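*Asks:* Got a predicted structure here, sequence first:
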Amino acid sequence: MFRNVFELKTDKRIEIVDVTNEIKYIVGKSSLNSGIINIYSQHSTSAIVVNENEPGLIEDFKEAIKRLISSNENYKHNRIDNNADSHIRSFLLGNSVTIPLENGQIDLGTWQSVFFVELDGPRTRKVIVTIIGD
Amino acid sequence: MFRNVFELKTDKRIEIVDVTNEIKYIVGKSSLNSGIINIYSQHSTSAIVVNENEPGLIEDFKEAIKRLISSNENYKHNRIDNNADSHIRSFLLGNSVTIPLENGQIDLGTWQSVFFVELDGPRTRKVIVTIIGD
Amino acid sequence: MFRNVFELKTDKRIEIVDVTNEIKYIVGKSSLNSGIINIYSQHSTSAIVVNENEPGLIEDFKEAIKRLISSNENYKHNRIDNNADSHIRSFLLGNSVTIPLENGQIDLGTWQSVFFVELDGPRTRKVIVTIIGD
């Protein structure tokens, strides 16, 4: 077992940040060979997803998130904090992923990266990486 | 490794139940210190999610689920059982989450709770908690 | 710990394939008794989900995916590769699930199957099954 936490700063309200290198660095430090890697965000207005890092596609993801969950509904949570849209988008995307570890490396496909999805930035965020294996 | 199952009863067709205390109780019984916690629903018309427990936001989540997946489509599954909408909502949200364990505690963020999402209640439901760690 | 990979071939652009038997076979080979099973797709235009295998419902899932994420937006990724819709659908559904293992068996509910969701077929796809347990 190995655990490490890293921080990141976001600049925009909605931002998709490739964190694959941060995770590869932690996997390397762990000296573990095979098992699984859990990547977890402690924030209820963020998400963790796996997909392809292509700049046009990143823009398409952001537009799709906005289209799926509108910012202009009469949300009850907005009486308290003006970010119900961010929470509902996070609720839908999920705040963690679990990925295989093999030969000491994160076993992503050729076209896969791990993304932190900021849904209520700019903020400083914390991501927990837990590796279970041999 | 430690495993435990708990049951809950729901009262409404769509209901979002905070089960964080049930999970904390199981984590305490496990005497495990660090690793990961998998929370799994055995039901295809339910979901498990992590987000903030604020009463207005819970209502917003329910409305968002209904808006995203309409109950009024001509679903093929409704020839057999009148709950295609519930299944499709579950399909979208996912029926498990995996969360880090640290210092003998579930490592949720300050504003995070674990929710069982009932999508076809009222029913009695079973949630499996599996902890892998030291 | 036990790891195995299986391949599958899809025939349609959108196709939902029940892979529960492939996973049960791998679980049997592992000789592990209890823990968790991570099922992971290495492809950014696919998903892994758990739900009920009823033919009408499978059709409803496919229609719901198409309705949620339209193929007819002016996606930026389509300048490079004509499958932005497939990526966004995968982004939303997620490319892995983690399921408990108990008494040497995958601990699915009565009405649960594991599905590989093809979102940009026909293709040959690879699914990684990693079991952590005793």
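*Replies:* Thanks, I have the structure now.
*Asks:* From now on I want contacts and neighbour counts done on CA atoms only, so please keep to that.
*Replies:* Fine.
*Asks:* Look up the closest residue to the residue of chain A at minimum distance from chain C, ignoring the ones flanking it.
*Replies:* Chain C sits closest to A:G109 of chain A, with a gap of 4.3 Å, by Cα to the nearest Cα. Computed as Cα to Cα, 6 or more residues apart in numbering or on different chains, the closest residue to A:G109 that is not its neighbour in sequence is C:Q42, at 4.3 Å.
*Asks:* Can you check which strand is longest in chain A?
*Replies:* For chain A, the strand with the greatest residue count under DSSP state E is strand A:124-133.
*Asks:* Give me the sheet partners of that strand and which way each runs.
*Replies:* Strand pairing for strand A:124-133, determined by DSSP bridges: strand A:2-9 (antiparallel), strand A:35-41 (antiparallel).
*Asks:* So which residues on chain A come close to chain B?
*Replies:* A:1, A:38, A:40, A:42-44, A:68-69, A:75-77, A:84, A:87-88, A:90-98, A:128, A:130-132 (Cα under 8 Å from any Cα of the partner chain).
*Asks:* Of these, keep whichever come out buried.
*Replies:* For the residues of chain A next to chain B, a neighbour count by 16 or more other Cα atoms under 10 Å in any protein chain shown gives the buried set as A:1, A:38, A:40, A:42-44, A:69, A:75-77, A:84, A:87-88, A:90-98, A:128, A:130-132.
*Asks:* re earlier: list the contacts for the residue nearest to A:G109?
*Replies:* A:107-110, A:112, C:95, C:126-128 (Cα atoms under 8 Å, 6 or more residues apart in numbering or on different chains).
*Asks:* buried sites along stretch A:48-58?
*Replies:* Per 16+ other Cα under 10 Å, stretch A:48-58 contains these buried residues: A:48-53, A:57-58.
*Asks:* So which bits of chain A are right by chain C?
*Replies:* Within chain A, the positions adjacent to chain C are A:35-36, A:49-52, A:54-57, A:59-61, A:64, A:68, A:92-93, A:97-100, A:107-112, A:133-134 by Cα under 8 Å from any Cα.
*Asks:* Give me the phi and psi for the residue nearest to A:A47 when sequence neighbours are not counted.
*Replies:* Spatially, and ignoring its direct neighbours in sequence, A:A47 is nearest to A:N95 (4.3 Å; Cα to Cα, 6+ apart). Backbone torsions of A:N95, given as degrees, to the nearest 10, read phi -110, psi 20.
*Asks:* Go ahead and confirm A:N95 touches B:V50.
*Replies:* Yes - between A:N95 and B:V50 there is a contact at 7.3 Å, judged by Cα atoms under 8 Å.
*Asks:* Toward the C-terminus, what is the element adjacent to the longest helix along chain A?
*Replies:* Counting by DSSP state H, the longest helix found in chain A is helix A:55-68. The first helix or strand that comes after helix A:55-68 along the chain, using DSSP states H and E, is helix A:84-93.
*Asks:* from what I can see A:T98 touches A:I36, true?
*Replies:* Yes - with contacts counted by Cα under 8 Å, A:T98 reaches A:I36, the gap being 6.6 Å.
*Asks:* Overlap of the contact sets of the two?
*Replies:* Common neighbours of A:T98 and A:I36 (Cα under 8 Å, 6+ apart) are C:N38.
*Asks:* How about A:R125: which residues does it bridge to?
*Replies:* So, taking DSSP bridges as the rule, A:R125 has A:L8 as bridge partners.
*Asks:* mind listing what it touches?
*Replies:* A:7-10, A:41, A:43.
*Asks:* average pLDDT for stretch A:88-105?
*Replies:* For stretch A:88-105, the mean pLDDT works out to 98.
*Asks:* Please pick the buried ones from the contacts of A:R125.
*Replies:* Buried among the contacts of A:R125 by 16+ other Cα under 10 Å: A:10, A:41, A:43.
*Asks:* Quick one: list the elements packing against the longest helix of chain A.
*Replies:* Packing contacts for helix A:55-68, counted by 3 or more Cα pairs under 8 Å, 6 or more residues apart in numbering or on different chains; DSSP states H and E, involve strand A:15-18, helix C:84-93.
*Asks:* among those, which is nearest B:E15?
*Replies:* Comparison of the helices and strands packed on helix A:55-68 against B:E15 by Cα to Cα identifies helix C:84-93 as nearest, at 21.4 Å.
*Asks:* I'd like to check the angle between that closest one and helix A:84-93, please.
*Replies:* 90 degrees (axes from the mean of the first three to the mean of the last three Cα atoms, to 10 degrees).
*Asks:* roughly how far out does helix C:84-93 sit from the chain middle?
*Replies:* On the basis of Cα atoms, centre = their mean, to the nearest Å, helix C:84-93 sits 13 Å off its chain's mean C-alpha point.
*Asks:* quick one: that helix to helix C:55-68, angle?
*Replies:* Using the same axes, to 10 degrees: helix C:84-93 against helix C:55-68 is 110 degrees.
*Asks:* Done for today, thanks.
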